[in-house]
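**Student:** structure here, sequence nowhere to be found:
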């Protein structure tokens, strides 16, 4: 997967999830670092494709709206590998 | 929160998520141990209340259908504390 591309995309995610993917400043946001890759990919697509509703779900829908399946795949690899 | 009650309820969850909440046998299921408590509570209610659709979401909807808010709160404490 394109690591540099994923890191670039992740810059947006880090604003809420933290650079290490373990932010707890807003406990309604999940820790994502080290999460199972297939779950991450499915969850990102669920948010993007409107399969999750709610306050935070709509924030994530906005954050993922333009991501392609390939970008989601690279992102899932990147986040799953965060320690 | 009622730890004994939460442990009893968690027995059902452990069949997929593992006793330690870190099962990776089915990578479409998330690691849940140590997840942020408020996220866990919101996610469990989202599944229970039909705010998440999809193959795995419907499995979780079935698993959470009968849980009360109090049970979800005790369960969220329990899972967040899993190491």
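**Tutor:** Received, thanks. In this text the structure is predicted, and so the values were computed from the model without any measurement. Numbering: from 1, shown residues only, chains lettered A, B, ... in the order given.

**Student:** make it CA atoms for all contacts and neighbour counts henceforth
**Tutor:** Fine.

**Student:** the lengthiest helix in chain A and chain B in contact?
**Tutor:** What stands out as the longest helix in chain A, according to DSSP state H, is helix A:3-17. No. Applying C-alpha under 8 Å from any C-alpha of the partner chain, one finds helix A:3-17 out of contact with chain B, separated by at least 11.5 Å.

**Student:** identify the residues contacting the very next helix or strand once past that helix?
**Tutor:** Next along the chain after helix A:3-17, taking DSSP states H and E as the criterion, comes helix A:37-48. Counting by C-alpha atoms under 8 Å, 6 or more residues apart in numbering or on different chains, helix A:37-48 makes contact with A:52, A:57-58, A:60-62, A:64-67, A:69, A:72-73, A:76-77, A:79-80, B:27-30, B:53-54, all of which sit outside it.

**Student:** of these, just the buried ones, PyMOL syntax please.
**Tutor:** Per 16 or more other C-alpha atoms under 10 Å in any protein chain shown, the buried members of the contacts of helix A:37-48 correspond to this PyMOL selection:
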select buried, (chain A and resi 52+57+60+61+64+72+73+76+77+79+80) or (chain B and resi 28+29+30+53)
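
**Student:** state the distance from the residue lying closest to residue A:28 once chain neighbours are set aside to residue B:77.
**Tutor:** Distance criterion C-alpha to C-alpha, 6 or more residues apart in numbering or on different chains; nearest residue to residue A:28, sequence neighbours excluded, is residue B:39 at 4.2 Å. From residue B:39 across to residue B:77, the span is 11 Å (C-alpha to C-alpha, to the nearest Å).
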